[in-house]
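Asker: Sequence and predicted structure are below.
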Amino acid sequence: MALFNLNDLHLFVQAVDSGSFTAAARHLGIPKSTVSKRVAELEARLGVRLIQRTSRSFALTELGREFFQHAQASIIEAEMAEGIVRRHLAEPAGSVRLTASVPTAQFTLTEHLPALAARYPKLRLSVHVTDRFVDIVQEGFDIALRSHRGPLPDSALVQRKLASHPFLILASPDYISTHGQPRRPEELAEHATIMTSLTENQWRLYTDHGDEALVSLQSVMAADEPYVLMETAAAGLGITCLPTSVCRKALADGRLVRVLPEWTAGSIETTILMPHRRGQLPAVRAVVDFLAEQLGG
């Protein structure tokens, strides 16, 4: 007789991923007592304590942490095996957990979610939006969507670059009408600018022809959130600098116009990160391929 079955491993992994029996039961749609009882039976069959739990705490034992890593890998392998069949029988199905920062979710991801749901009706996507650092592996995410200026650090995660968004210099039509259109980068010093920090007083600008300019600026306001920068610039407060991922709709609507259109201020990259094993699951791969298709342009 087998020492344990896959359902027991699944309940154990869900309990650890969720941080409690209550949260796991809510996620699985079953009674908390069922999760607690099955994990206890698993521990009894193994003859070891995997989780130290009291009324106020829930933590893996040292042996439990090692067992969890293998149990989680077993569940992933089982999902991959099931996915092989699904690829031949039906469209991708199951749940996919994705995390992204607030600006990335707001300006890059959100508009594409209805089309993703329409294409894969059997797929359930859970989107976690936060600006804190997220440990993708430890917190059990399948995909992270990251926007970043410099290269991402080397890691065991699979990286897939999706797009590059240049930073444009922008102002409202009313601001340009009142204060005039700068013709050269150095003329920006004569204008009000909206920056990401009050200590920031320069922009390094580039052209496609290889020209470069470092310009000094007069900041009238600072905000570390791109939506605030966009809206204050659209209201006519001054000139700001935003990536195309943020400003493209405001440009299309005519709320913002480009200043010094031959010049940009560098670029920001959008990259997908995923644990190697998770990226092989059909549901995860379907989401990644969809985002690459939508954002790759």
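Answerer: Arrived safely. Numbers count the residues shown, from 1 in each chain.
Asker: switch to C-alpha atoms for all contacts and neighbour counts from now on
Answerer: Will do.
Asker: most residues in a single strand of this structure, which one?
Answerer: In terms of residue count, the longest strand belonging to the chain (DSSP state E) is strand 158-171.
Asker: beta partners for the residue positioned nearest the centre of the chain?
Answerer: For the chain, the residue sitting closest to the mean C-alpha position, by C-alpha atoms, centre = their mean, is Ala100 at 2.0 Å. Going by DSSP bridges, Ala100 is paired in beta bridges with Val129, Leu145.
Asker: Surely it is in contact with Arg132?
Answerer: No - counting by C-alpha atoms under 8 Å, Ala100 stays clear of Arg132, with 9.7 Å between them.
Asker: And the helices in the protein?
Answerer: Secondary structure of the chain (DSSP state H): helices located at 6-18, 21-28, 32-46, 62-89, 102-104, 113-119, 173-179, 226-234, 244-252, 282-295.
Asker: and Thr193, which of those is closest to it?
Answerer: Of all the helices of the chain, helix 226-234 sits nearest to Thr193, with 8.7 Å by C-alpha to C-alpha.
Asker: and the closest one, average pLDDT?
Answerer: Throughout helix 226-234, pLDDT has a mean value of 96.
Asker: so what does that helix touch, helix or strand wise?
Answerer: strand 158-171, strand 192-195, strand 240-243, helix 244-252 (3 or more C-alpha pairs under 8 Å, 6 or more residues apart in numbering; DSSP states H and E).
Asker: buried residues in the least confident helix or strand in the chain by mean pLDDT?
Answerer: When the helices and strands of the chain are scored by mean pLDDT, DSSP states H and E, helix 62-89 comes last with a mean of 81. Neighbour counts over helix 62-89 (16 or more other C-alpha atoms under 10 Å) mark Gly64, Phe67, Phe68, Ala71, Gln72, Ile75, Ile76, Glu77, Glu79, Met80, Gly83 as buried.
Asker: Show me what it is packed against.
Answerer: Checked by 3+ C-alpha pairs under 8 Å, 6+ apart, helix 62-89 has helix 6-18, helix 282-295 packed alongside it.
Asker: hey, least reliable of those helices by pLDDT?
Answerer: helix 6-18 (a mean of 86).
Asker: between that helix and helix 62-89, what angle do the directions make?
Answerer: Helix 6-18 runs at 110 degrees relative to helix 62-89, counting by axes from the mean of the first three to the mean of the last three C-alpha atoms, to 10 degrees.
Asker: Could you list every helix and strand in contact with helix 6-18?
Answerer: Judged by 3+ C-alpha pairs under 8 Å, 6+ apart, the packing partners of helix 6-18 are helix 21-28, helix 32-46, helix 62-89.
Asker: His112: which of those is closest?
Answerer: Nearest to His112 among the helices and strands packed on helix 6-18 is helix 62-89 (23.2 Å), distances taken as C-alpha to C-alpha.
Asker: what's the closest of the buried residues of helix 62-89 to Gly140?
Answerer: Distances from Gly140 to the buried residues of helix 62-89, taken by C-alpha to C-alpha, are shortest for Gln72, at 9.7 Å.
Asker: my guess is that closest one contacts Val13, does it?
Answerer: Yes - with contacts counted by C-alpha under 8 Å, Gln72 reaches Val13, the gap being 6.1 Å.
Asker: could you dump the helices and strands packed on helix 226-234 to TSV with mean pLDDT?
Answerer: Shown next, in TSV, are the helices and strands packed on helix 226-234 (pLDDT from 0 to 100):
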stretch	mean pLDDT
strand 158-171	93
strand 192-195	96
strand 240-243	96
helix 244-252	94
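Asker: which one of the ones you listed lies closest to His209?
Answerer: Per C-alpha to C-alpha, nearest to His209 of these: strand 158-171, 15.0 Å.
Asker: how about that closest one as CSV, C-alpha atoms only?
Answerer: Only the C-alpha atoms of strand 158-171 are listed here, as CSV (Å, rounded to 0.1, in the frame of the first residue of the first chain):
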residue,chain,number,x,y,z
VAL,A,158,13.5,32.1,-16.4
GLN,A,159,13.4,35.6,-18.0
ARG,A,160,11.6,36.5,-21.2
LYS,A,161,11.8,40.1,-22.4
LEU,A,162,8.6,41.4,-23.8
ALA,A,163,9.0,45.0,-24.8
SER,A,164,11.1,48.2,-24.5
HIS,A,165,9.3,51.5,-23.8
PRO,A,166,11.2,54.7,-24.5
PHE,A,167,10.8,57.7,-22.1
LEU,A,168,9.2,60.6,-23.9
ILE,A,169,9.3,64.3,-22.9
LEU,A,170,5.7,65.5,-22.6
ALA,A,171,3.5,68.4,-21.8
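Asker: Distance from the chain centre to that strand, please.
Answerer: Taking the mean of its C-alpha atoms, strand 158-171 sits 14 Å from the chain's own mean (C-alpha atoms, centre = their mean, to the nearest Å).
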